[in-house]
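Asks: next comes the sequence, and after it the predicted model I'd like to discuss.
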Amino acid sequence: MSSTSFNDPYDASVLRDGLFADRSAFVSGAGSGIGRAIVLRLVQLGMHVFGTGRRAEMLEETANLTKDMAGAFTYKPCNVRETDAIEALVREAGESRGIDLLVNNAGGQFFAPAAEISRRGWDAVIDLNLNAVFTVTKAAYPYLRTSRGSVASISLSGVDRGSMGLAHSIAARAGVLGMTRSLALEWAKDGIRLNCIAPGTVVTEGLAGEAARPMLERLVEATPMGIPTSVEEVAELVAYLASPAGRLMTGQLIQIDGAAHLGPGLHMIAAE
Ligand SMILES: CCCCC/C=C/C(=O)SCCNC(=O)CCNC(=O)[C@H](O)C(C)(C)COP(=O)(O)OP(=O)(O)OC[C@H]1O[C@@H](n2cnc3c(N)ncnc32)[C@H](O)[C@@H]1OP(=O)(O)O
Ligand SMILES: NC(=O)C1=CN([C@@H]2O[C@H](COP(=O)(O)OP(=O)(O)OC[C@H]3O[C@@H](n4cnc5c(N)ncnc54)[C@H](OP(=O)(O)O)[C@@H]3O)[C@@H](O)[C@H]2O)C=CC1
């Protein structure tokens, strides 16, 4: 299947121009892949987006891509695992323009069977994909309460059934799902909605850096619909959930994965 095309042109846009004029978002991992696509779509819809990530040059590239769009993108590099620094950055963004939408997208892991994951490796993945998400979400709470805003956290397809080679990451994302549902209850009184979006295989440079092409092809073949998720599809879903149409959507896990979570299992392949 070496002819598999991972990025067929596809227009996922359904939302109207100007939808998010005067609204603000905070997006982590905004310099690449899914995070960048989310920024581009939100800015296209008129939003002011504040982005972060560790690499300034990647954030700068995202900024260049937004130049002629309706909204605006500003950024500051930060490591979401540095608690004091990321809390201060969320405060800075919140105090300057408020936060209507928080997107917890920064994340990642390494593929390894559990028996080969050291305690430091486990802690690193839990820290990035669970602890940092709690820190950022809690820091954003005062601003989300003011705006009656929403949170979208990027998760993994199969998070509720397990995944070979990803025990640490699945544990972290399952933790985020539990946190999301708990806060959907606690913060409903403030009008704040929280959801998890779980893509299947998205052929970003980040994933391609972790998985060689034959494994990417096997991941796509194990997806019942036989096609990978595009970054634009994830971005459109984030925008939908933040829009008035998403008014009653909260505490959800939305798996945008071509039925990968029902199929033979990406989880059978990741560990090979
Ligand atoms: C089901 C299929 C679909 C899958 C979909 C998922 C796709 C994606 O997520 S795409 C995003 C892709 N990009 C990444 O995932 C890269 C992200 N990785 C990282 O940022 C880092 O690896 C990290 C956060 C997970 C760890 O960073 P850091 O704290 O800097 O880690 P250290 O290098 O200091 O190592 C700490 C600890 O972890 C052990 N370790 C690192 N890599 C591996 C490995 N490949 N296998 C086993 N162990 C590993 C490392 O050895 C250290 O432990 P000790 O040796 O005990 O000190
Ligand atoms: N690609 C896929 O198939 C899937 C991906 N996902 C998840 O989607 C999210 C985005 O992944 P994707 O776009 O594919 O991959 P990328 O590697 O392109 O995205 C990860 C982003 O997170 C940022 N990041 C990582 N660690 C930190 C940190 N400590 N502090 C601040 N920013 C950080 C990175 O920027 P920088 O390195 O500059 O810090 C990068 O922009 C991740 O959570 C990933 O696990 C979920 C399902 C499938």
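Replies: Cool, the structure landed. Ligands and ions are numbered 1, 2, ... in the order given.

Asks: residue 210 contacts residue 110, correct?
Replies: Yes. Using Cβ atoms under 8 Å, residue 210 makes contact with residue 110 at a distance of 6.8 Å. C-beta here means a position set from N, CA and C on the backbone, and glycine is covered the same way.

Asks: near ligand 1, which residues of the stretch 51-200 of the chain?
Replies: 108-110, 112, 116, 118, 120-121, 124-125, 128, 156, 163, 166 (Cβ under 6 Å from any ligand atom).

Asks: export those to CSV and append columns for pLDDT.
Replies: CSV is the format used below for these (pLDDT from 0 to 100):
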residue, pLDDT
108, 97
109, 95
110, 93
112, 92
116, 96
118, 98
120, 98
121, 98
124, 98
125, 98
128, 99
156, 96
163, 88
166, 92
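
Asks: could you export the residues you listed as TSV, including secondary structure and neighbour count?
Replies: Converted to TSV, those look like this (DSSP: H, G, I helix; E, B strand; the rest coil; neighbours: other Cβ atoms under 10 Å):
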residue	secondary structure	neighbour count
108	coil	14
109	coil	22
110	coil	14
112	coil	18
116	helix	10
118	coil	9
120	helix	8
121	helix	14
124	helix	16
125	helix	24
128	helix	20
156	coil	26
163	coil	22
166	coil	26
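
Asks: helices and strands of this structure: which one has the lowest mean pLDDT?
Replies: Ranking every helix and strand in the chain by mean pLDDT, DSSP states H and E puts helix 267-270 at the bottom, with a mean of 66.

Asks: pick out the residue of the chain closest to ligand 1.
Replies: Closest to ligand 1 within the chain is residue 108: 2.5 Å, counting by Cβ to the nearest ligand atom.

Asks: distance of residue 26 from residue 224?
Replies: Distance from residue 26 to residue 224, counting by Cβ to Cβ, to the nearest Å: 35 Å.

Asks: and residue 244, by the same measure?
Replies: Noted for residue 244: a distance of 32 Å to residue 224, by Cβ to Cβ.

Asks: the more surrounded of those two?
Replies: residue 224 (14 against 7; other Cβ atoms under 10 Å).

Asks: surely the more buried one and residue 257 touch.
Replies: No. Applying Cβ under 8 Å as the test, residue 224 and residue 257 come out as separate, 9.2 Å apart.

Asks: can you give me the strands for the stretch 1-150 of the chain?
Replies: 24-28, 48-52, 72-75, 101-104, 150-154 (DSSP state E, counting those that start in this stretch).

Asks: strands paired with the second one, and their directions?
Replies: Within its sheet, strand 48-52 is paired with strand 24-28 (parallel), strand 72-75 (parallel), according to DSSP bridges.

Asks: hmm, who's touching the last one?
Replies: This points to strand 72-75. Outside strand 72-75, the residues within contact range by Cβ atoms under 8 Å, 6 or more residues apart in numbering are 30-31, 39, 43, 48-53, 59-60, 62-63, 66.

Asks: buried ones in that strand?
Replies: 72, 73, 75 (16 or more other Cβ atoms under 10 Å).

Asks: just the pLDDT at the last one, thanks.
Replies: We note a pLDDT of 98 for residue 75 in this prediction.

Asks: bridge partners for it, pull those for me.
Replies: Under DSSP bridges, the beta-bridge partners of residue 75 are residue 51.

Asks: quick one: it from residue 28, how far?
Replies: Per Cβ to Cβ, residue 75 is found 11 Å from residue 28.

Asks: just to revisit the earlier point, just send the strands paired with strand 48-52 back as TSV, with distance to ligand 2 too.
Replies: Output for these, formatted as TSV (distance: least, Cβ to the nearest ligand atom, whole Å):
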stretch	distance to ligand 2
strand 24-28	6
strand 72-75	11
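
Asks: what is the neighbour count of residue 103?
Replies: Applying other Cβ under 10 Å, I find that residue 103 has 29 neighbouring residues.

Asks: wait, isn't it in contact with residue 24?
Replies: No. The pair residue 103 / residue 24 is not scored as a contact, 11.7 Å apart, by Cβ under 8 Å.
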